[in-house]
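Undergrad: Kindly generate the corresponding structure for this input.
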Amino acid sequence: MGVTAALAGCVPTGDAGQLRPTLTIVSVHGGEVAIQNGIPVPTFTWPSRSRRLLDGPWRVERQEFDSDLSLTPRDSALARIEESAAGRHTTKFDDSGWDTVSVPGTLNPPPERREAGGWYRRTVSLPKGWDGQTLTLKFGAANYLADVWLNGVWLGYHEGGSTPFAFDATAAARPGESNVVAVRVDNPAWGSRNDIVPWGLADWWNFAGLTRPVWIEASDPVHVVRADVVPHLDGADVSVVVRNAGDSPAQATLTFEVLPAKVTNANILEPDPRRLVVPGARPLVRTRLEPEGLDAGEVVRLDTSVLLANAATWSPRTPSLYVLRVSVSVDGRVVDHLHESFGLRQVAVDTAGSAVLLNGRPVFLAGVALHDQHVAVGPDGTVSATVPTRAQIRDQLARAEEVGARLVRTGHTPANPALLDLADRLGIAIWEEIPLYHYTPLTYDVAMKRGIPQQMLREMALRDMNRPSVLFHGLSNESTGEEARSHALAELHEIDRAIDGTRLTGQAAYGFAPADPTNAPLDVAGFTFYHGVFYGSDAASDTAAALDAAHAANPGKPVMILEFGRWADGHEGESEQRRVFDETAPAIVARRATLPGGYVSAGTWWALEDYTTLRPKLEVEHFGLFAPGGVARPAAASARGLFGSLPTGDGGGPIAPVVPGGRVTALPPSEAGWLLLGYLGYGVAVSLALLGGLFAVLLRRGGRGGRGWRRPGRPDGPRRAASHPGSA
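TA: Predicted coordinates:
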């Protein structure tokens, strides 16, 4: 948000960490697959198979770790890490004197500003019946760097605070007995080093620890790892990854079915995709896929396609969903199931009209930003914040709908999966991004050479492949430097195309530089606009001029405003906040891409709700249309009046009911492959001249700062689609 007032920590205090990313791309029979920690990257949606959910109380010991050691390759660091653990990673350690925290949750809920990490321990009994099964230990996220042991056996590590990871726990697990999971989570303080992502002081809360669910799944050694859907307007391409984790060959048969789905009040909060299936509905299609045979330890990929007549497509107006069911049989016996919900939609760019096209039609998406927080203020003024529950997220999205928003920018990180579940079902478009926040030429160079942003993007894309609501992948926010940033964005754009290919890429560039050339490798030209707030003198005229300049500098690209807004605290803060909306938003809406000659495809208010921040001298950023407790501010009425009055085609009007539909026909399997580029990191000296005049203004404000596979497919028209050629 906004512009940062300082770039502390630009100069490293020592060598950058040498810890390597854990995700790689390998060739297998049938194509290429993402591998992490020795296994193919699995789905992280609600499992159809047996599981032990490890949510709830864990024993914890908060601790400050040697982050230089944490970021050292494990072939030289693991022995030292385990020595310093003094038994904390083993089954015999006595943790009875430790505190307890709930998972998912955090080690440092506001107002606790300590960003250090700690040790987690949890004892879990595994069923005796899991003998002979393949066991996978899955983490929704751990912030920031996690090492994991099961019964004293080190399973591996993961770096990155918002994306999921998994380990094969079969060899270390003890079915029929108690098992101890131990996790060392290091969370280096933002601004303390420049080799983590994000690196500097960011304007939101750094929730440390196990912030997403943790669970263990049991499956047959022959099982479906993941099933990825590439949607078209008349069908979909599907890629299925199957693994034989056993020690003998197997002849497997896969049954592939598409089922109609319907969202109701009774199932909208249910995480299990099976709950969406229309009761009593028969499969719309049922076909079989047969590998040539699975050797012991082998991973294969199988591709197929389906064609749907009279398909029900997904959009914010008609959020229609289907459920994919993949079953695996060995010797005539079904041994595994996987269910995924998905929607059919196409997002593309009309280069002639400078518009985002959704299902072939230009759109303007009125939006709001939302950090992954639930903030409360007690009677004594004490601020608290937590990672929100599904029900709390539903309430947040209801407030977004109340002000006419059909787009949510999920802060500066990959979205909470629970939010994506609900966005799919409610019909809310999503912009999610990786936290390349306020980067400089130097920090781009450090990060891209380490490969962590590239891994984060792949993990986010793999996790959210089947989310129809995710229309946009953001690759950077309010960063400086042209050459280094252009190189980084070009590399990340190509990675996104190779790993996903069904979304549009963009960044949030500074609005005071509307001719920023670094949008060139991206699909859309995205900006943050604070004219008349952080820079400029008149919100209305300066916004209009900057929009026209951005369009002139980016011919053929839709312009997307990803932030505009003002804080509501201080003398006359709420009235000033409303004034900024009333003067800024009309200039954006008047140039919307659904009008003749229009070119703006999104206008996003920062933010829907107030949020906690680690900014010095601040506890809560009062940028929300709603104060804690859901109290609407005057600017919310302005948003409701303008956004809510837009014609139906522009994102206003009533939402159509979600209906099942479509007659499905199976098509022959298709072959495909990945496109993967090498690193293009490039570093130059830090140049802050452009920001110098802004910092003085900001300082007076107290320092406010601002799997997928590449497949051949069917072209859907002459416009540039959000994919490799012809895939979507």
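
Undergrad: how close does residue 235 get to residue 473?
TA: 23 Å (Cβ to Cβ, to the nearest Å). Bear in mind the C-beta positions are built from the backbone N, C-alpha and C, glycine included.

Undergrad: So for these two, which residue has more residues nearby?
TA: In this view residue 235 and residue 473 are compared by other Cβ atoms under 10 Å, and residue 473 has more residues nearby, 30 against 23.

Undergrad: show me what contacts that one?
TA: Neighbouring residues of residue 473 by Cβ atoms under 8 Å, 6 or more residues apart in numbering: 432-433, 457, 460-461, 496, 500, 503-506.

Undergrad: ok, now with 10 Å
TA: 414, 430-434, 457, 460-461, 464, 492-493, 495-496, 499-500, 502-507, 522-523, 722 (Cβ atoms under 10 Å, 6 or more residues apart in numbering).

Undergrad: how about the strands of the stretch 151-300 of the chain, start to end?
TA: For the stretch 151-300 of the chain, the strands defined by DSSP state E, counting those that start in this stretch cover 153-159, 165-168, 178-186, 214-219, 222-232, 235-244, 252-260, 285-289, 299-309.

Undergrad: looking at those, which is closest to residue 451?
TA: Set against residue 451 and scored by Cβ to Cβ, the strands of the stretch 151-300 of the chain come closest in strand 153-159, at 9.8 Å.

Undergrad: Tell me the buried residues in the closest one?
TA: For strand 153-159, the neighbour count (16 or more other Cβ atoms under 10 Å) marks 154-159 as buried.

Undergrad: tell me, what residue is most central in this structure?
TA: Note on the chain: the residue nearest the mean C-alpha position is residue 414, at 2.4 Å, using Cα atoms, centre = their mean.

Undergrad: Surely it is in contact with residue 456?
TA: Yes - here residue 414 reaches residue 456: they are 7.3 Å apart, a contact under Cβ atoms under 10 Å.

Undergrad: who touches both of the two?
TA: 160-163, 433-435.

Undergrad: Go through those and say which is closest to residue 629.
TA: For the shared contacts of residue 414 and residue 456, the nearest to residue 629 is residue 162 (26.6 Å; Cβ to Cβ).

Undergrad: Run a quick neighbour tally on the closest one.
TA: Count around residue 162 with other Cβ under 10 Å applied: 28.

Undergrad: now do residue 177
TA: 10.

Undergrad: For it, list the residues it contacts.
TA: Here residue 177 is in contact with 125-126, 128, 151 (criterion: Cβ under 10 Å, 6+ apart).

Undergrad: Where does residue 419 fall, secondary structure wise?
TA: With elements taken from DSSP states H and E, the one containing residue 419 is helix 417-426.

Undergrad: what angle sits between the helix or strand following that helix and helix 417-426?
TA: Using DSSP H and E, the helix or strand that follows helix 417-426 in sequence is strand 429-433. For strand 429-433 against helix 417-426, the angle by axes from the mean of the first three to the mean of the last three Cα atoms, to 10 degrees is 160 degrees.

Undergrad: So for strand 429-433, mean pLDDT?
TA: Confidence for strand 429-433, expressed as mean pLDDT, is 98.
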